[in-house]
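[1] coords below, sequence missing:
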């Protein structure tokens with residue numbers, strides 16, 4: 001019997017991918033797991049992160065009985081996809097910044113990449129730009145503060161607009177910039193606020209729909225959605241539990257990674 005599709009992130013960013021999956025596969029059962037005890041991943045050493053991500057994902061896969069794993073985290077995807085695909089016997093779908101579709105849509109050939117400091121500086125990101133946006137100017141903006149604002153939003157607090165404006169401000173120096181890549185899965189949760197704080201209209205692009213399409217391609221048997229769905233966390237957090245409930249998930253269970 002098919003199990004749910006498990007969405008994994010270091011925090012609540014994967015909930016933006018949950019929204020995309022619900023649109024693409026509305027009848028499919030989902031599960032959610034986050035390593036909130038170690039958030040944010042972007043500030044931790046790569047050599048430490050790979051075994052940690054593997055341990056948490058193995059524990060979550062075993063607890064959920066899932067049929068596929070979606071790694072809804074750019075940091076985890078760039079570091080640990082190969083390790084996860086080696087140790088797991090289910091499909092593993094990763095996340096990368098949506099540089100390619102952004103380059104295809106930009107008319108002015110000037111893109112903004114809004115991401116965490118780890119993502120904007122990774123060789124993987126530079127290679128994506130070289131491969132898919134070599135003819136574009138790409139303004140890379142580290143906006144780690146938006147991760148905290150998205151976590152606050154899911155916990156029931158409103159984002160701080162001054163923080164949003166400050167994070168976005170480097171994008172507006174060149175009026176030719178016309179397309180912004182939301183290169184962290186946390187950021188689409190703030191999409192309506194980001195649009196309001198932008199001084200002009202730009203095209204905002206994230207990876208959610210592409211991830212959902214890929215999941216639909218690789219998961220051949222879908223478990224039907226029935227009521228509240230399981231969620232898993234690595235540290236107790238009542239506010240996080242309430243936030244997960246607003247996305248249709250049952251009270252989270254604690255994971256104990258090996």
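    Perfect, I can see it now. Computed from a predicted model, the values in this text were never measured in an experiment.
[2] going forward, measure contacts between C-alpha atoms and count neighbours the same way
    OK.
[3] give the contact list for residue 50.
    By C-alpha atoms under 8 Å, 6 or more residues apart in numbering, the residues touching residue 50 are 76, 79-80, 83.
[4] try 7 Å
    79-80 (C-alpha atoms under 7 Å, 6 or more residues apart in numbering).
[5] which ones are touching the residue positioned nearest the centre of the chain?
    Closest residue to the average C-alpha location of the chain: residue 185 at 2.6 Å, with C-alpha atoms, centre = their mean. By C-alpha under 7 Å, 6+ apart, the contact set of residue 185 is 13-14, 16, 72-73.
[6] farthest-separated two in those residues?
    Spatial extent of the contacts of residue 185 (C-alpha to C-alpha) is set by the pair 16 and 73 at 10.7 Å.
[7] between the two, who's got more neighbours?
    residue 73 (27 against 22; other C-alpha atoms under 10 Å).
[8] didn't that one look like it was pressed against residue 12?
    No - using C-alpha atoms under 7 Å, residue 73 is not in contact with residue 12; the gap is 9.8 Å.
[9] Can you give me the domain assignment for the chain?
    5-95+209-254, 99-206 (automatic domain parsing).
[10] can you redo those as TSV with mean pLDDT?
    Formatted as TSV, the domains of the chain follow (pLDDT from 0 to 100):
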stretch	mean pLDDT
domain 5-95+209-254	95
domain 99-206	97
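[11] what separates stretch 32-39 from the chain centre, distance-wise?
    12 Å (C-alpha atoms, centre = their mean, to the nearest Å).
[12] tell me which residues in that stretch are buried?
    Buried residues in stretch 32-39, counted by 16 or more other C-alpha atoms under 10 Å: 32-36, 38-39.
[13] now stretch 248-258
    In stretch 248-258, counting by 16+ other C-alpha under 10 Å, buried: 248-253, 255.
[14] that older thread, turn the contacts of residue 185 into TSV, including distance to residue 156 and secondary structure.
    Shown next, in TSV, are the contacts of residue 185 (distance: C-alpha to C-alpha, whole Å; DSSP: H, G, I helix; E, B strand; the rest coil):
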residue	distance to residue 156	secondary structure
13	15	coil
14	17	helix
16	16	helix
72	22	coil
73	22	coil
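[15] mind putting these in JSON lines, distance to residue 214 included?
    Putting these into JSON lines (distance: C-alpha to C-alpha, whole Å) gives the following:
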{"residue": "13", "distance to residue 214": "18"}
{"residue": "14", "distance to residue 214": "15"}
{"residue": "16", "distance to residue 214": "15"}
{"residue": "72", "distance to residue 214": "12"}
{"residue": "73", "distance to residue 214": "15"}
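[16] Closest one to residue 146 out of these, please.
    Taking these together and measuring to residue 146 by C-alpha to C-alpha, the closest member is residue 13, at 10.6 Å.
[17] Pull up the gap between the closest one and residue 71, please.
    11 Å (C-alpha to C-alpha, to the nearest Å).
[18] Compare neighbour counts for these two and give me the winner.
    Neighbours were counted for residue 13 and for residue 71 using other C-alpha under 10 Å; residue 71 has more, 28 against 23.
[19] Quick one: the strands in the stretch 101-250 of the chain, in order.
    For the stretch 101-250 of the chain, applying DSSP state E, counting those that start in this stretch gives strands covering 110-115, 137-142, 179-182, 203-205, 231-233.
[20] so which of the ones you listed comes closest to residue 64?
    Using C-alpha to C-alpha, those put strand 231-233 closest to residue 64, at 8.4 Å.
[21] How about residue 207, nearest residue that isn't a chain neighbour?
    residue 98 (5.4 Å; C-alpha to C-alpha, 6 or more residues apart in numbering).
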